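> from the sequence below, what's the structure:
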Amino acid sequence: MIAVIPVRDGVLPAGSDEAIAECAGRALVVGSGTATTDLVGRVDDVVLVELGPVAFGRWAAALVADVAELTDADVIVCPNSPDGRDLAPRLAAALGRPLLAGATRITAAAVQLARAGGRELHEVAPDGPFVATLQPGVRDSESFPPTPVTRTVESRGDTDTGDATVVEVLPPDVRTMDLAEAARIVGGGAGLDSEQRFEQLDAFAAGIGATMGATRVVTDRAWVHHDKQIGTTGVVVDPDLYLAFGISGAVQHTAGLGDPDHVISVNLDPHCPMMTMADLAIVSDANETLDELVHLLGETDFDGVADA
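Numbering: from 1, shown residues only. Prediction:
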């Protein structure tokens with residue numbers, strides 16, 4: 001097994017440590033700025049493959065053509081980050097292998113796959129080599145020697161694949177970006193009183209440069225899509241700042257928060273788990289507090305959503 005970790009300017013995506021640990025410390029770090037990637041204690045045996053600016057079809061074709069370790073491995077694991085989800089199917093197609101996406105556990109003999117919005121686990125038994133993506137947060141990372149075995153592969157990186165041409169790379173839109181990549185998250189729970197509140201919460205989050213998330217009870221009500229669900233059965237996050245509105249703090253939710261630098265919680269119950277773990281706990285009605293914050297930021301910033 002080998003982990004294939006796509007990086008941009010040497011930055012590891014979410015889920016990298018878990019994917020590397022699942023492969024016992026063996027990894028390919030591919031993309032741009034690979035030589036500057038912080039790998040101390042994260043890998044045991046790593047190959048660096050510099051491929052230049054992001055172009056997933058070209059990257060996949062170059063890897064298959066030039067990197068022997070890739071074709072020698074029966075199991076290839078990519079993190080289930082946005083870039084991992086772009087690269088993995090192209091690797092699978094280039095190698096002629098099946099893709100098993102959204103795995104929670106991977107071995108050569110059996111793969112567990114999360115399905116139905118994380119409510120079901122399906123186990124499959126692969127009958128040959130395959131490519132898989134591993135969900136972030138489903139296992140612990142591991143520590144490896146501080147000086148891993150490191151090799152560099154010179155790849156042509158210019159293979160013509162007929163894939164999509166990258167015209168421009170834009171900064172992420174906080175309203176649509178993957179929660180696992182968000183530095184600021186505003187979360188809403190059962191303490192918010194309607195589906196319209198989450199439209200308001202989304203607008204408020206965008207106004208402060210944050211991404212909106214929710215608890216499972218909210219996604220089960222279909223007020224918010226499952227891809228906004230934070231927790232062990234949703235998206236595992238690790239923001240710098242987490243603002244929680246009306247979230248009591250069930251263990252399934254808090255276990256998926258990572259280790260935020262700052263936590264602010266607004267709740268009527270001063271003793272609920274979310275309030276006890278907060279750096280700043282505000283005992284107040286989350287709905288009224290949200291109204292006031294939207295008003296303070298200015299209703300014109302929100303295209304009328306604040307009036308809903």
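> which parts of this structure are strands?
2-7, 26-31, 45-50, 75-79, 99-106, 111-115, 120-124, 130-134, 149-153, 184-188, 211-214, 241-245, 262-267, 280-283 (DSSP state E).
> ok, which of those strands comes nearest residue 229?
The minimum distance between residue 229 and those falls on strand 211-214, with 6.0 Å, by CB to CB. No exception for glycine: its C-beta is placed from N, CA and C like everyone else's.
> about what we covered before: including mean pLDDT and mean neighbour count, could the strands of the chain go into a markdown table?
Converted to a markdown table, the strands of the chain look like this (pLDDT from 0 to 100; neighbours: other CB atoms under 10 Å):
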| stretch | mean pLDDT | mean neighbour count |
| --- | --- | --- |
| strand 2-7 | 96 | 26 |
| strand 26-31 | 94 | 25 |
| strand 45-50 | 93 | 20 |
| strand 75-79 | 95 | 28 |
| strand 99-106 | 94 | 20 |
| strand 111-115 | 88 | 18 |
| strand 120-124 | 88 | 12 |
| strand 130-134 | 96 | 25 |
| strand 149-153 | 87 | 14 |
| strand 184-188 | 96 | 26 |
| strand 211-214 | 96 | 28 |
| strand 241-245 | 97 | 27 |
| strand 262-267 | 97 | 22 |
| strand 280-283 | 97 | 14 |
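> distance of residue 215 from residue 251?
Distance from residue 215 to residue 251, counting by CB to CB, to the nearest Å: 12 Å.
> looking at these two, which is more packed in?
Neighbours were counted for residue 215 and for residue 251 using other CB atoms under 10 Å; residue 215 has more, 29 against 10.
> okay, now the nearest residue to that one once chain neighbours are set aside: neighbour count?
Spatially, and ignoring its direct neighbours in sequence, residue 215 is nearest to residue 189 (4.3 Å; CB to CB, 6 or more residues apart in numbering). Residue 189 sits with 25 neighbouring residues when counted by other CB under 10 Å.
> next one: residue 173
9.
> give me the pLDDT for it.
With respect to pLDDT, residue 173 has a value of 87.
> contacting residues for residue 257?
Contacts of residue 257 were listed using CB atoms under 8 Å, 6 or more residues apart in numbering, and they are 230, 237-239, 242, 263.
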